[in-house]
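**Student:** the sequence and its predicted three-dimensional model are supplied below.
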Amino acid sequence: MGHHSAHADGGHGHAGHGHNGNPEDLDAYIAKLEEPSRVEWQKPDEVLKAIGLGPGQTACDIGAGPGFFALRMAKLVGERGHVFAVDVEPKILDVLRDRIARAQARNVTPVLALPDDALLPPGSCDVILIVDTFHHLPDGKATLARLVRALKPGGRIANIDFHKRETPVGPPVEHRVAREEFVARAQAAGLAVVAEPTFLPYQYFVVLKVR
């Protein structure tokens, strides 16, 4: 829900101040998010399997962008399930809405969020997925605490973000949030780590539940 700066960071989340509403910039940004090689290192199908997403569940994608994860989630949860696709950038959500229409993915609700609040209904989500977005949030701990309120009992939050070291893709190292720093903020928001898959080459992957 925070903002990208002008660089496209090979990440998941949002267009931000750097685009100034320029369609060419937006197109380039979306192309960066959807580079064919991204599937190889982001492993979206394996990620969704690892978080246990299945038919009939309600999932939320924080920093949904043009739908890289959200549209995959929609297929997995099926007609009885639902996906909230959250972003702060209206123009990105316009693109996502077009894709929802083309894919007939009517179980996806685009949500235009505030920078520090996903504006999700309380107690609505089985799984909340945050990919390459946490480092953009203005107050990570407060945002996580709000996301906790959006979880169903037993629900889980999964965060994936780039290790705080040089990697072939991703934002500048100084913009990254180290795994230890993320876990500390999550624990301060009342969450506990329940799983930590290690199959992603450039990112940490932490699954949490309410303590």
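**Tutor:** Received the coordinates, thanks.
**Student:** could you tell me the end-to-end distance of stretch 136-145?
**Tutor:** Using Cα to Cα, to the nearest Å, the end-to-end distance of stretch 136-145 comes out at 16 Å.
**Student:** same check on stretch 162-175?
**Tutor:** Stretch 162-175 has its terminal residues 10 Å apart, counting by Cα to Cα.
**Student:** quick one: buried residues of that stretch?
**Tutor:** Residues of stretch 162-175 classed as buried under the neighbour-count rule (16 or more other Cβ atoms under 10 Å) are 162-164, 167, 169-171, 175. C-beta: built from backbone N, CA, C; applies to glycine.
**Student:** stretch 120-127 too?
**Tutor:** Judged by neighbour count (16+ other Cβ under 10 Å), stretch 120-127 contains these buried residues: 120, 124-127.
**Student:** spit out the contact partners of the residue lying closest to V206 once chain neighbours are set aside.
**Tutor:** If you skip the residues right next to it in sequence, V206 has N159 as its closest partner in space, 5.1 Å away by Cβ to Cβ, 6 or more residues apart in numbering. N159 is in contact with 130-131, 134, 182, 186, 205-206, 208, counting by Cβ atoms under 8 Å, 6 or more residues apart in numbering.
**Student:** farthest pair in the residues you listed?
**Tutor:** Greatest spatial distance among those (Cβ to Cβ): V131 and A186, at 15.2 Å.
**Student:** could you list the low-pLDDT ranges of the protein?
**Tutor:** 1-24, 33 (pLDDT under 70).
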